[in-house]
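Visitor: Would you be able to build a 3D model of this:
(chains A and B)
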Amino acid sequence: MTAVENTPAGVPSDAMRRLAEMRPGQATSLFTSDLSVNEFLLVREAGFRPVGLVLGSSIYHVGFQVGRWNRNQELTTLSQAMYHARELAMTRMEAEADQLGADGIVGVRLEIEFKEFGSDLAEFIAVGTAVTAEQASDSGGRSWRNNRGLPFTSDLSGQDFWTLIQAGYAPLGMVMGTCVYHVTHQRFWQAMGNIGQNVELPQFTEALYDARELAMSRMQTEAEQLRAEGIVGVRLHSHGHRWGGHTTEFFAIGTAVRPLRADHHIPVPQLVLPLTD
Amino acid sequence: MTGWDGRGLPPVAERRVRRAAENGVWTSLLSVPAAAGLRVAGLEPAGEVMGSMVAQLSLAGASCGVYGPGLGGLLGGPGFVATGSTGFGAYAEAVNRGYATALARLTREATGIGADGVVGIALTTAPIGGGVVEFTALGTAVRAAGPVRPGRVFTTALPGQDVAKLMVAGWMPAALVLGVAVAVRHDDWQSRQQASWGAGNTEVAGYTQLLNHTRADARARFTSHVRKTGADGAIVSSMALRMWSIEPSENHRDHVAEATVFGTAIARFAPTATATAARSLTILPLQHTQPGSTS
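Guide: Modelled structure (predicted):
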């Protein structure tokens, strides 16, 4: 607690001296990071040093596909497009991190932005902060990189990352699964028959079940390939994008993890009662 | 109204700073947690400071340097991305100068009231119309409560709480840093093909190249600015990219991209033996939080 000895009476003198000593172009190992202050401090505390902001991007033309209007079906062209373009962005980000000699990438955001200037054009972008570990992941000197020799990736926040490491787990990689699905339109007589009724529409329910199942099982396959113990922080999104009401992308994404040690105890958190809303 | 020549601060700002320095009454834009956090870190609010600059930004006459359709091979080949030339360099310069001037004026006001730093700076632009843009920097100046003075004004976009957390952990925010880059790329035959309706699933290589080039340029400028401050690293607070198309002449389209990176350069001052000076405490707040919120 050396840094805070003289507070609250005064600002740490060291801090002011450091500012006074700053000179342009001093030879330091400069880093940039995409983390918030909380995340930055927690990642440091977890034993990692940020080495640089890394990103990968791809502008992708998403092809065109029409499903039969009266059938539940996956639109494979669109599923492939979403997969391929995300893969391009992620691979480019990993390549940047690899060049920096990073052990992993934390706080990854994977976003899609459809561009105004082209109807089927979207930018797929992956941004994160490359980190190096201060110590090997176990006493045997095992690296933090995953079984493909690539830096691990994780879309967990700095807070979640800290907690995960404390609990004895290490991230392996982000895993995802996607499925673009066309949900059938109701036949005329069927729609007429349902007017004013409170009824389940089984073919709709089944379609949504099928589509989510496809996305989630694909995510699971990726985790198995990384030889993960499990997947944490899974989110299941459905994006309408620009394909109209009956075509939806189901997108599952999470972080595959492996155990660092046999027990997974964390200190019992202290309860606090905040004096704010 | 006076005929102010654009040097230093406008007379009205000059008068305000002098009055604030004389009577010692301070104002601040701090939230309660920010004010409490700064006090823990040993910083006292000194006053609210701002800097502003109105500039005309023009892209007139800017183009990729290729005339007519399909002539992409003439200048630098189909992968041609222009940054420095043909009007875009001047535009990027003007944007950079706008932010830098607003920040310099803010720092000048802070120096005028005897402050050591400015926290929670909001750096914004607002279009006034006709290609005229106002660049504004607004923040709260703070004074160090200790005997040692840094002899310079540090600036940061981080709120007071974050400044306090950094300082307690042995890091000092040093300067608000930004990188701006603008680039243009001619729409060559391949880009038009790949982006067309019947192209199927394909990466549009030309557009990707333009975006990557622009973003890389903005990041390189950002990093070189951080290096110039002499700090140890930087925390990026926002990274934006805008891409649009222009038609400088008949049957000739170009795409333009503008990338900005904002952040705070930070410097280490505590001994590096321990990872952080203050260990964090695991707590469980007894309150209802919105699912998915991380605070």
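Visitor: okay, CA-based contacts and neighbour counts for the rest of this
Guide: Fine.
Visitor: Please name the residues that touch the residue nearest to A:Q73 when sequence neighbours are not counted.
Guide: Sequence neighbours aside, A:H182 is the residue nearest to A:Q73 in space, at 5.3 Å (criterion: CA to CA, 6 or more residues apart in numbering or on different chains). A:H182 sits next to A:G67, A:R71, A:N72, A:Q73, A:E74, A:L75, A:H246, A:T247, A:T248 when contact means CA atoms under 8 Å, 6 or more residues apart in numbering or on different chains.
Visitor: B:A122 now?
Guide: Listed by CA under 8 Å, 6+ apart, the contact set of B:A122 reads B:T136, B:A137, B:L138, B:G139, B:A157.
Visitor: can you do 10 Å?
Guide: Applying CA atoms under 10 Å, 6 or more residues apart in numbering or on different chains, we find B:A122 in contact with B:M50, B:T136, B:A137, B:L138, B:G139, B:T140, B:T156, B:A157, B:L158, B:P159.
Visitor: Residue 181: neighbour count?
Guide: As the question left the chain open, I've gone with chain A. Using other CA atoms under 10 Å in any protein chain shown, A:Y181 has 25 neighbouring residues.
Visitor: Chain B, not that one
Guide: Using other CA under 10 Å, B:A181 has 29 other residues around it.
Visitor: can I assume it sits in a strand?
Guide: Yes - the assignment for B:A181 by DSSP: H, G, I helix; E, B strand; the rest coil puts it in a strand.
Visitor: What helix or strand is the spatially closest residue to it that is not a sequence neighbour located in?
Guide: Closest residue to B:A181 apart from its sequence neighbours, by CA to CA, 6+ apart: B:A218 at 4.8 Å. Using DSSP states H and E, B:A218 sits within helix B:205-229.
Visitor: Return the distance of stretch B:184-198 from the chain's centre.
Guide: Counting by CA atoms, centre = their mean, to the nearest Å, stretch B:184-198 is centred 32 Å from the centre of its parent chain.
Visitor: hmm, I was thinking of stretch B:131-147
Guide: Stretch B:131-147 has its C-alpha centroid displaced from the chain centroid by 13 Å (CA atoms, centre = their mean).
Visitor: for stretch A:170-181, same thing?
Guide: Worked out by CA atoms, centre = their mean, stretch A:170-181 lies 8 Å from the chain centre.
Visitor: ranges for the strands of the stretch 1-150 of chain A?
Guide: A:31-33, A:48-61, A:73-74, A:104-114, A:121-133 (DSSP state E, counting those that start in this stretch).
Visitor: Note down every partner strand of the fourth one and its orientation.
Guide: This points to strand A:104-114. Sheet pairing for strand A:104-114, assigned by DSSP bridges, gives strand A:121-133 (antiparallel), strand A:152-153 (parallel).
Visitor: Could you say which of those is packed most deeply?
Guide: strand A:152-153 (a mean of 28; mean count of other CA atoms under 10 Å in any protein chain shown).
Visitor: can you pull the contacts of residue 244?
Guide: With no chain named, the answer covers chain A. With contact set as CA under 10 Å, 6+ apart, A:G244 has these partners: A:H182.
Visitor: That was the other one, I meant chain B.
Guide: Going by CA under 10 Å, 6+ apart, B:W244 touches A:K115, A:E116, A:F117, A:G118, B:V184, B:D254, B:H255, B:V256, B:A257, B:E258.
Visitor: Likewise for A:F251?
Guide: So A:F251 contacts A:79, A:82-83, A:176-180, A:211-212, A:214-216, A:218-219, A:235-239 (CA under 10 Å, 6+ apart).
Visitor: burial count for B:M53?
Guide: Residues lying near B:M53 (other CA under 10 Å) number 19.
Visitor: I'd say it and B:L123 touch.
Guide: No - the pair B:M53 / B:L123 is not scored as a contact, 11.5 Å apart, by CA atoms under 10 Å.
Visitor: got any residues that touch both of the two?
Guide: Joint contacts of B:M53 and B:L123 (CA under 10 Å, 6+ apart) are B:Y99, B:A102, B:L103, B:F135, B:T136, B:A137.
Visitor: how about TSV for the residues you listed, with secondary structure added?
Guide: Conversion of those to TSV gives the following (three-state DSSP):
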residue	secondary structure
B:Y99	helix
B:A102	helix
B:L103	helix
B:F135	strand
B:T136	strand
B:A137	strand
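Visitor: ok, of those, which one's closest to chain A?
Guide: Nearest to chain A out of the shared contacts of B:M53 and B:L123 is B:L103 (CA to the nearest CA; 18.2 Å).
Visitor: can you pull the contacts of that closest one?
Guide: Applying CA under 10 Å, 6+ apart, we find B:L103 in contact with B:50-53, B:97, B:109, B:121, B:123, B:135-139, B:155, B:176.
Visitor: so what's A:E123 up against?
Guide: With CA under 10 Å, 6+ apart, A:E123 has these contacts: A:57-61, A:85-86, A:89, A:111-115, B:203-204, B:207-208, B:211.
Visitor: Skipping its backbone neighbours, what lies nearest it in space?
Guide: A:I59 (4.4 Å).
Visitor: low-confidence ranges in the chain?
Guide: You didn't say which chain, so I picked chain A. Chain A contains residues with pLDDT under 70 at A:1-12, A:23-28, A:66-69, A:117-119, A:276-277.
Visitor: hm, I was asking about chain B
Guide: Within chain B, the segments meeting pLDDT under 70 span B:1-2, B:59-88, B:197-199, B:271-279, B:288-295.
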